[in-house]
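# Just a sequence and a predicted model for now, questions to come.
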Amino acid sequence: MLTGSGADDTVNTMAVRKILKFPDPILKETALVVRNIDSQVDELVSDMLETMYAAPGVGLAAPQLGVSERIIVLDVGEEKGKNIIKLVNPVIAEKEGSITWEEGCLSVVDFTENVERANRILVKGWTTDEKEIQIEAEAFLAVALQHEIDHLDGKLFIDRISRLKRDIYRRRVKKWIKEGVPLEDKKPTVHI
Ligand code: ZN
(Lines give C-alpha, C1' and ligand atoms only; values in the text may rest on other atoms or scores of the structure.)
Protein backbone atom coordinates (compact mmCIF):
# COMPACT_ATOMS: atom_id res chain seq x y z
CA MET A 1 0.00 0.00 0.00
CA LEU A 2 1.35 3.40 -0.89
CA THR A 3 1.23 6.18 1.62
CA GLY A 4 1.40 9.89 0.98
CA SER A 5 4.64 11.83 1.07
CA GLY A 6 6.22 13.52 4.06
CA ALA A 7 5.76 12.24 7.59
CA ASP A 8 3.79 9.21 6.48
CA ASP A 9 6.83 7.73 4.75
CA THR A 10 8.16 6.26 7.98
CA VAL A 11 4.89 4.61 8.93
CA ASN A 12 4.87 0.88 8.37
CA THR A 13 1.50 0.42 6.73
CA MET A 14 -0.17 -2.94 6.60
CA ALA A 15 -2.19 -4.13 3.67
CA VAL A 16 -4.49 -7.00 2.89
CA ARG A 17 -3.19 -8.68 -0.26
CA LYS A 18 -4.84 -11.08 -2.68
CA ILE A 19 -4.53 -14.76 -1.82
CA LEU A 20 -3.65 -16.96 -4.81
CA LYS A 21 -5.98 -19.88 -5.40
CA PHE A 22 -5.39 -23.38 -6.75
CA PRO A 23 -4.53 -23.99 -9.62
CA ASP A 24 -2.26 -20.92 -9.67
CA PRO A 25 1.19 -22.23 -10.75
CA ILE A 26 3.06 -20.13 -8.15
CA LEU A 27 1.56 -22.39 -5.46
CA LYS A 28 3.51 -25.30 -6.99
CA GLU A 29 6.91 -23.61 -6.87
CA THR A 30 9.61 -24.37 -4.32
CA ALA A 31 10.08 -21.11 -2.43
CA LEU A 32 13.51 -19.54 -2.09
CA VAL A 33 15.53 -19.39 1.12
CA VAL A 34 15.50 -15.88 2.58
CA ARG A 35 19.09 -14.56 2.68
CA ASN A 36 18.38 -11.21 4.29
CA ILE A 37 15.79 -10.50 6.93
CA ASP A 38 15.34 -6.86 6.00
CA SER A 39 12.58 -4.24 6.06
CA GLN A 40 10.98 -5.82 2.97
CA VAL A 41 10.56 -9.05 4.91
CA ASP A 42 9.08 -7.10 7.83
CA GLU A 43 6.59 -5.44 5.52
CA LEU A 44 5.67 -8.73 3.87
CA VAL A 45 5.15 -10.40 7.28
CA SER A 46 2.88 -7.52 8.37
CA ASP A 47 0.83 -7.91 5.20
CA MET A 48 0.70 -11.68 5.65
CA LEU A 49 -0.74 -11.30 9.16
CA GLU A 50 -3.23 -8.66 8.03
CA THR A 51 -4.32 -10.84 5.10
CA MET A 52 -4.55 -13.96 7.28
CA TYR A 53 -6.76 -12.25 9.88
CA ALA A 54 -8.95 -10.66 7.21
CA ALA A 55 -9.54 -14.00 5.45
CA PRO A 56 -10.01 -15.18 8.26
CA GLY A 57 -7.39 -17.89 8.67
CA VAL A 58 -4.93 -19.24 11.24
CA GLY A 59 -1.90 -19.56 8.98
CA LEU A 60 -0.45 -18.24 5.76
CA ALA A 61 2.67 -18.84 3.69
CA ALA A 62 4.33 -16.17 1.52
CA PRO A 63 3.78 -18.08 -1.77
CA GLN A 64 0.02 -17.74 -1.18
CA LEU A 65 0.53 -13.99 -1.73
CA GLY A 66 2.61 -14.66 -4.83
CA VAL A 67 5.95 -14.21 -3.04
CA SER A 68 8.02 -17.34 -3.49
CA GLU A 69 10.08 -17.01 -0.28
CA ARG A 70 10.33 -19.26 2.77
CA ILE A 71 8.23 -17.28 5.24
CA ILE A 72 5.16 -18.38 7.22
CA VAL A 73 2.86 -16.84 9.83
CA LEU A 74 0.42 -18.56 12.17
CA ASP A 75 -1.91 -17.71 15.01
CA VAL A 76 -3.81 -20.75 16.19
CA GLY A 77 -4.63 -19.26 19.60
CA GLU A 78 -8.16 -18.66 20.72
CA GLU A 79 -7.47 -15.02 21.40
CA LYS A 80 -6.37 -13.34 18.21
CA GLY A 81 -2.91 -11.78 18.29
CA LYS A 82 -1.73 -13.52 21.49
CA ASN A 83 0.04 -16.49 19.87
CA ILE A 84 1.55 -15.10 16.69
CA ILE A 85 4.29 -17.18 15.10
CA LYS A 86 6.40 -15.58 12.38
CA LEU A 87 9.02 -17.86 10.89
CA VAL A 88 11.66 -17.34 8.26
CA ASN A 89 13.29 -20.38 6.63
CA PRO A 90 11.47 -22.92 8.85
CA VAL A 91 12.66 -26.52 8.76
CA ILE A 92 11.09 -29.56 10.39
CA ALA A 93 13.94 -31.10 12.38
CA GLU A 94 12.03 -33.90 14.10
CA LYS A 95 8.71 -35.70 13.61
CA GLU A 96 6.86 -38.18 15.80
CA GLY A 97 3.58 -40.05 15.81
CA SER A 98 0.64 -39.42 13.56
CA ILE A 99 -2.60 -37.50 13.61
CA THR A 100 -5.45 -37.14 11.16
CA TRP A 101 -7.00 -33.71 10.85
CA GLU A 102 -9.66 -32.29 8.56
CA GLU A 103 -7.76 -29.61 6.68
CA GLY A 104 -8.72 -26.77 4.45
CA CYS A 105 -6.67 -23.99 2.92
CA LEU A 106 -7.19 -20.36 1.98
CA SER A 107 -5.82 -21.27 -1.46
CA VAL A 108 -8.05 -24.34 -1.92
CA VAL A 109 -11.54 -22.90 -1.92
CA ASP A 110 -14.66 -24.72 -0.79
CA PHE A 111 -12.99 -28.03 0.07
CA THR A 112 -11.80 -29.93 3.14
CA GLU A 113 -10.41 -33.41 3.58
CA ASN A 114 -8.73 -35.55 6.22
CA VAL A 115 -4.95 -35.48 6.06
CA GLU A 116 -2.53 -37.61 8.05
CA ARG A 117 0.56 -35.86 9.43
CA ALA A 118 3.05 -36.15 12.30
CA ASN A 119 1.47 -35.43 15.69
CA ARG A 120 4.57 -33.90 17.27
CA ILE A 121 7.24 -31.91 15.51
CA LEU A 122 10.27 -29.78 16.24
CA VAL A 123 10.62 -26.82 13.90
CA LYS A 124 13.75 -24.73 13.59
CA GLY A 125 13.83 -21.34 11.93
CA TRP A 126 14.49 -17.65 12.31
CA THR A 127 12.42 -14.86 13.77
CA THR A 128 12.02 -11.56 11.95
CA ASP A 129 14.51 -10.19 14.55
CA GLU A 130 17.12 -12.56 13.08
CA LYS A 131 17.11 -14.84 16.10
CA GLU A 132 17.33 -18.58 15.65
CA ILE A 133 14.40 -20.33 17.32
CA GLN A 134 12.95 -23.78 17.88
CA ILE A 135 9.29 -24.56 18.31
CA GLU A 136 7.97 -27.81 19.72
CA ALA A 137 4.43 -28.36 18.57
CA GLU A 138 1.77 -31.00 18.79
CA ALA A 139 -1.78 -31.62 17.61
CA PHE A 140 -3.36 -28.67 15.77
CA LEU A 141 -0.28 -26.41 15.93
CA ALA A 142 1.85 -29.26 14.54
CA VAL A 143 -0.70 -29.81 11.76
CA ALA A 144 -0.82 -26.12 10.90
CA LEU A 145 2.98 -25.75 10.88
CA GLN A 146 3.36 -28.78 8.59
CA HIS A 147 0.61 -27.41 6.32
CA GLU A 148 2.33 -24.00 6.01
CA ILE A 149 5.83 -25.46 5.53
CA ASP A 150 4.38 -27.68 2.77
CA HIS A 151 3.39 -24.47 0.94
CA LEU A 152 7.10 -23.52 0.85
CA ASP A 153 7.80 -26.75 -1.02
CA GLY A 154 5.01 -26.16 -3.53
CA LYS A 155 2.70 -28.63 -1.83
CA LEU A 156 -0.97 -28.22 -0.97
CA PHE A 157 -2.94 -30.47 1.38
CA ILE A 158 -4.74 -31.88 -1.66
CA ASP A 159 -1.38 -33.34 -2.71
CA ARG A 160 -1.61 -35.50 0.42
CA ILE A 161 -5.03 -37.02 -0.26
CA SER A 162 -5.99 -39.81 -2.64
CA ARG A 163 -5.62 -39.13 -6.34
CA LEU A 164 -9.29 -39.90 -6.83
CA LYS A 165 -10.39 -37.22 -4.37
CA ARG A 166 -7.86 -34.75 -5.75
CA ASP A 167 -9.08 -35.32 -9.32
CA ILE A 168 -12.69 -34.79 -8.28
CA TYR A 169 -11.73 -31.46 -6.72
CA ARG A 170 -9.59 -30.49 -9.71
CA ARG A 171 -12.54 -31.12 -12.04
CA ARG A 172 -14.83 -29.00 -9.84
CA VAL A 173 -12.39 -26.07 -9.99
CA LYS A 174 -11.97 -26.45 -13.75
CA LYS A 175 -15.73 -26.32 -14.12
CA TRP A 176 -15.96 -23.15 -11.98
CA ILE A 177 -13.25 -21.49 -14.05
CA LYS A 178 -14.95 -22.55 -17.30
CA GLU A 179 -18.27 -21.18 -16.09
CA GLY A 180 -16.61 -17.95 -15.03
CA VAL A 181 -17.38 -18.43 -11.34
CA PRO A 182 -14.88 -16.21 -9.47
CA LEU A 183 -12.87 -18.38 -7.06
CA GLU A 184 -12.87 -15.35 -4.75
CA ASP A 185 -16.57 -15.99 -4.19
CA LYS A 186 -15.91 -19.55 -3.05
CA LYS A 187 -15.02 -19.56 0.60
CA PRO A 188 -12.83 -22.17 2.25
CA THR A 189 -14.70 -23.99 4.98
CA VAL A 190 -11.71 -24.59 7.24
CA HIS A 191 -9.04 -21.96 7.46
CA ILE A 192 -5.49 -23.15 7.95
ZN1 ZN B 1 -2.79 -23.53 3.01
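The structure has been received and is ready for your questions.
# and the end-to-end length of stretch 149-161?
17 Å (CA to CA, to the nearest Å).
# Residues touching that stretch, excluding its own?
For stretch 149-161, the external contacting residues (CB atoms under 8 Å, 6 or more residues apart in numbering) are 22, 27-31, 61-64, 70, 72, 90-92, 103-105, 107-108, 111, 113-117, 123, 147, 165-166, 169, 192. Where C-beta positions appear, they are placed from N, C-alpha and C, glycine not excepted.
# Pull out the buried positions in it.
For stretch 149-161, the neighbour count (16 or more other CB atoms under 10 Å) marks I149, D150, H151, L152, G154, K155, L156, F157, I158, R160, I161 as buried.
# and it, average pLDDT?
Stretch 149-161 carries an average pLDDT of 98.
# likewise stretch 34-44?
Rounded mean pLDDT across stretch 34-44 is 96.
# again, but for stretch 69-83
94.
# same question, stretch 95-114
pLDDT averaged over stretch 95-114 gives 96.
# Relative to the whole chain's centre, how far out is that stretch?
Distance of stretch 95-114 from the chain centroid (CA atoms, centre = their mean, to the nearest Å) equals 12 Å.
# what does stretch 123-141 give?
On CA atoms, centre = their mean, the centre of stretch 123-141 falls 15 Å from that of its chain.
# List the buried residues in that stretch.
Neighbour-count burial for stretch 123-141, counted by 16+ other CB under 10 Å, picks out V123, G125, W126, T128, I135, A137, L141.
# gap between the two ends of that stretch?
Stretch 123-141: ends 11 Å apart by CA to CA.
# follow-up on the earlier one: among the contacts of stretch 149-161, which lie within helices?
Using DSSP state H, the members of the contacts of stretch 149-161 that fall in helices are H147, K165, R166, Y169.
# from the buried residues of stretch 123-141, which is closest to D38?
Taking CB to CB as the measure, D38 lies nearest T128 of the buried residues of stretch 123-141, at 9.8 Å.
# Could you look up the SS state of the closest one?
coil (DSSP: H, G, I helix; E, B strand; the rest coil).
# Would you check how far apart it and G97 are?
Using CB to CB, to the nearest Å, T128 is found at 30 Å from G97.
# Understood, closing this out.
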